[in-house]
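Peer 1: Kindly generate the corresponding structure for this input.
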Amino acid sequence: MSPRQAIVRDLGRQPYEPVWRAMQRFTDLRGDDSIDEIWMVEHEPVFTLGQAGKPEHVLLPGDIPVLHVDRGGQVTYHGPGQIVVYPLLDLRRLKLGVREYVCRIEQAVIDTLAEWNIGAARRNGAPGVYVNDAKVAALGIRVRRGCTFHGLAFNAAMDLEPFGRINPCGYAGLRVTSVLDLGGPSSMEAIKPVLLDAMATRFGLALQPAPSPDLADPRPLAAAPSSSTQAA
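Peer 2: Residues are numbered from 1 along each chain as shown. Sure, this is the predicted structure:
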């Protein structure tokens, strides 16, 4: 089967909330024929609590804002040096269930780390990717009308101190690490293409780069029709 066309957009460094709202609007306005997209972004410092997030897991936020958002999971930190990936995919077209979707994202991260001979693994009941019991990537997703938003936070080369201000993903004392600390590259730009290639392989996508969306109004993007390569 030919790969399905998908668009990839690098948003650069952005505050969290405008990107979150744009993802919501994109998902609400997309149609059955809208092309899938993958957004990559580096966020300004922020703690986010998932739908069932417990405020007591935010210990000492200090000057970092806390947002309660509509993804799954508990609390995590986003900040400079972290690659955040938002797959905006139609799971019905891909014929995937939510569990398989999560496993494929995790495997893409594991494949990426293997590029630098870093052995990583997933954990049953604790979504994400771990190296020697330290978490290097966290997942928090949302599916609406069969379409995904939110996604993956992959610690590339970042200051990990803010994770000490929370119980990461709701686990007190959970160790957190980064690709750089594990002996990988210091540049996010070295990691991004490897991660995108791994995701394209795991989801059977042919990725086409496109400009960053207008975060104030992504409706024209959501209306983009799929090409013939997306036919089931």
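
Peer 1: separation between the residue nearest to residue 217 when sequence neighbours are not counted and residue 85?
Peer 2: Once flanking residues are discounted, residue 217 sits nearest to residue 25: 7.8 Å by C-beta to C-beta, 6 or more residues apart in numbering. Placement of C-beta: from N, CA and C, glycine included. Residue 25 sits 19 Å away from residue 85, going by C-beta to C-beta, to the nearest Å.

Peer 1: cool, and residue 50?
Peer 2: Counting by C-beta to C-beta, the gap from residue 50 to residue 85 is 17 Å.

Peer 1: any idea which residue sits dead centre in this protein?
Peer 2: Nearest to the mean C-alpha position of the chain, by C-alpha atoms, centre = their mean, lies residue 152 at 2.2 Å.

Peer 1: looking at it, that residue is touching residue 78, isn't it?
Peer 2: No. At 11.1 Å, residue 152 does not count as touching residue 78 under the criterion of C-beta atoms under 8 Å.

Peer 1: so what sits against both of the two?
Peer 2: Shared contacts of residue 152 and residue 78 (C-beta atoms under 8 Å, 6 or more residues apart in numbering): residue 84.

Peer 1: Do you know the pLDDT at the nearest residue to residue 81 once chain neighbours are set aside?
Peer 2: Leaving aside its sequence neighbours, residue 81 sits nearest to residue 158 (C-beta to C-beta, 6+ apart; 2.9 Å). Per-residue pLDDT puts residue 158 at 97.

Peer 1: Could you double-check that residue 158 lies in contact with residue 83?
Peer 2: No. Using C-beta under 8 Å, residue 158 makes no contact with residue 83, being 9.4 Å away.

Peer 1: Let me see the ranges of the helices in the protein.
Peer 2: 16-29, 91-94, 98-114, 188-203, 219-222 (DSSP state H).
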